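> what shape does this take:
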Amino acid sequence: MKRVGILIPEFPGQTHNFFWREIEALKELGAEVELFSTRRPPSGIRSTTWGEGAARETTYLYPIPPSVVLRVLRDLLLSPARVFRCLRMFVASAKQLEPGESRFRLLVIMMIGVGLGRMCRDRSVQHLHVHSCADAANVALFAHAAFGLPYSMTLHNPLYIWGGNQANKWKHASFGIVIADWILQDLRARLGASLPSRLFIAPMGVNVQVFQRKAPYQAREGGVLKIFSCARLNRAKGFEILLEALGPLRQSGQAVALTIAGEDDQGGSGYRKQLESMVDKLGLGDVVRLLGAVSEERVRAELEDAHVFVLASFEEPLGVAIMEAMAMEVPVIATDAGGVPGLITDGVDGLLVPPSDAQSLSQALTRVASTPELALALSSRGRARIEQAFHHRLSATAIFDQV
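Predicted coordinates:
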């Protein structure tokens, strides 16, 4: 029996449905899974129906309980060799920190890593997989230094956003998973010889048995165009561009209704306030709904009701929300930046527009609204694309086979 630890920062959060799919798929493959997280997420972004049960299964590493501090000190005091390995790793890692990153913070991370290594040894965890290349990866690095715990990582975004010490994190990993080829090429260019020999492309995917329609998709034929978007409320997701794109549609006489699911990282007190202000400024209060963080079931219900799904990100690594919409046979309009062109072929299984281009987005929405045959074609082809190459077992199988 393979016993695998999974470490996810601030788990379970609003965008973590695909992590849970991977965990369930690992269990279906026969693995026993131990869940770890850096800390609990803010209450305002806890929205998943499975989250409460998952949180009960999860061991949270911070704040560090006094009992764990004492156990870490004992483990270090009783093993000079362990102290030496950890301090050597600390010195090597401190040299790779980026400006503004704290050595004291790294020291705390080292203590957390030693504690995690002890927990994994006590629980017979054979391998730890980390869904982060930032602080959580440093935690795994020190668990490896202290106890020899093998670990691996999934890279979900370009490497530059994940902070320093990347060469050490990757050099000591057993293997790595990258969600898209363009991110893998960037990783190779930046780290080269520091990378593990085993690197795999495996996108986080969708359970197509769960994400399927209850009734056939109906293209809009008159009346209100129902638009749905789903993502963290963050400026990078291009929501302001989407709001601007509604203007030409309404001026042409097209009635629209836009529903946005997702919350900002502050639980509603951050970027959401700016978005609400823009909705008011543009006079869109009667046509735009901000749902906040919602469950996967609510997302499926909104997709079932929508005529079109839009994600106007300035750059999207790949886009699980896009995959979910395609699996639900909803025509998708997205931007052609980042990894989305690897998911959507423009005009075949979705429509692509340039980022930051409200006019092009408005024109694409008009095409879907005015051409039912196009909407129906995108609907069926989108589903087929996900079934073929983006189902939820890909990443779980990659982890299970390598452990």
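
> where do the strands sit along the protein?
3-7, 32-37, 58-60, 127-130, 151-155, 175-178, 199-201, 225-230, 256-261, 288-292, 308-311, 332-335, 351-353 (DSSP state E).

> out of those strands, which comes closest to Val69?
In this view, those are compared for proximity to Val69 by Cβ to Cβ, and strand 58-60 is the closest at 14.6 Å. In this view, the C-beta of every residue, glycine as well, is placed from N, C-alpha and C.

> how far does that closest one sit from the chain's center?
What separates the centre of strand 58-60 from the centre of its chain is 19 Å, taken as Cα atoms, centre = their mean, to the nearest Å.

> now swap in stretch 152-172 and tell me
Computed by Cα atoms, centre = their mean, the chain-centroid distance of stretch 152-172 equals 15 Å.

> now do the end-to-end distance for that stretch.
Criterion Cα to Cα, to the nearest Å; first-to-last residue distance in stretch 152-172 is 9 Å.

> what of stretch 74-81?
13 Å.

> highest average neighbour count across the strands of the chain?
Each of the strands of the chain was scored by mean neighbour count; the highest is strand 332-335, a mean of 28, by mean count of other Cβ atoms under 10 Å.

> for it, name the packing helices and strands.
Under the contact definition 3 or more Cβ pairs under 8 Å, 6 or more residues apart in numbering; DSSP states H and E, strand 332-335 sits against strand 308-311, helix 320-327, strand 351-353, helix 358-370.

> and the contacts of that strand?
238, 308-316, 319, 322, 325-326, 340, 344, 349-355, 361, 364-365, 368, 378, 382 (Cβ atoms under 8 Å, 6 or more residues apart in numbering).

> so, low pLDDT: which residues of the stretch 101-250 of the chain?
Applying pLDDT under 70 to the stretch 101-250 of the chain flags no residue at all.

> quick one, helices of it?
103-122, 135-147, 166-171, 181-191, 239-251 (DSSP state H, counting those that start in this stretch).

> please identify the most buried of the helices and strands packed on strand 332-335.
Across the helices and strands packed on strand 332-335, the average number of neighbours (mean count of other Cβ under 10 Å) peaks for helix 320-327, which reaches a mean of 28.

> give me the contacts around that one.
In this structure, residues lying in contact with helix 320-327 by Cβ under 8 Å, 6+ apart are 15, 17-18, 203-206, 208, 211-212, 228, 230-231, 299-300, 303, 306, 309, 311, 316, 332, 334, 340, 343-344, 349-350, 382-383, 385-387, 390.

> residues in contact with Ile183?
Taking Cβ under 8 Å, 6+ apart as the contact definition, Ile183 lies against 155, 157-159, 317, 339.

> most widely separated two among those?
Greatest spatial distance in the contacts of Ile183: Leu159 and Gly339, 13.9 Å, computed using Cβ to Cβ.

> domain boundaries for this structure, per the record?
If the domains of the chain are taken from automatic domain parsing, they occupy 3-207+392-402, 225-389, with pieces of a single domain joined by a plus sign.

> what's the closest of the ones you listed to Pro216?
Proximity to Pro216, assessed across the domains of the chain by Cβ to Cβ, is greatest for domain 225-389 (8.0 Å).

> rewinding a little: any chance of a markdown table for the contacts of Ile183, columns distance to Ile183?
Supplementary listing: those in a markdown table, determined by distance: Cβ to Cβ, whole Å:
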| residue | distance to Ile183 |
| --- | --- |
| Leu155 | 6 |
| Asn157 | 7 |
| Pro158 | 6 |
| Leu159 | 8 |
| Pro317 | 6 |
| Gly339 | 7 |
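
> of these, just say which sits nearest to Gly222.
Taking Cβ to Cβ as the measure, Gly222 lies nearest Gly339 of these, at 35.9 Å.

> dump the residue contacts of the closest residue in space to Leu29 that isn't next to it in sequence.
Ranked by Cβ to Cβ, 6 or more residues apart in numbering and with sequence neighbours excluded, the top spatial neighbour of Leu29 is Phe400, at 4.7 Å. Residues in contact with Phe400 (Cβ under 8 Å, 6+ apart) are 2, 4, 26, 29-31.

> what about those residues, which are in helices?
Counting by DSSP state H, those place 26, 29 in helices.

> out of the contacts of Phe400, which are buried?
Neighbour-count burial (16 or more other Cβ atoms under 10 Å) is assigned, among the contacts of Phe400, to 2, 4, 26, 31.

> which of those residues sit farthest apart?
Between any two of the buried ones among the contacts of Phe400, the greatest separation by Cβ to Cβ is 8.6 Å, found for Lys2 and Leu26.

> let me have the domains of the chain in TSV, adding distance to Tyr217 as columns.
TSV is the format used below for those (distance: least, Cβ to Cβ, whole Å):
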stretch	distance to Tyr217
domain 3-207+392-402	16
domain 225-389	4
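
> what is the burial count for Ala377?
Neighbour count of Ala377, defined by other Cβ atoms under 10 Å: 16.

> wouldn't Phe165 be in contact with Arg103 here?
Not quite, residue 165 is Asn, not Phe. No - proximity of Asn165 to Arg103 does not meet the contact threshold set by Cβ atoms under 8 Å, at 11.2 Å.

> next one: the closest residue to Pro355 other than its chain neighbours from Pro80, what distance?
The shortest distance from Pro355 to any non-neighbouring residue, by Cβ to Cβ, 6+ apart, is to Thr335 (4.2 Å). From Thr335 across to Pro80, the span is 55 Å (Cβ to Cβ, to the nearest Å).
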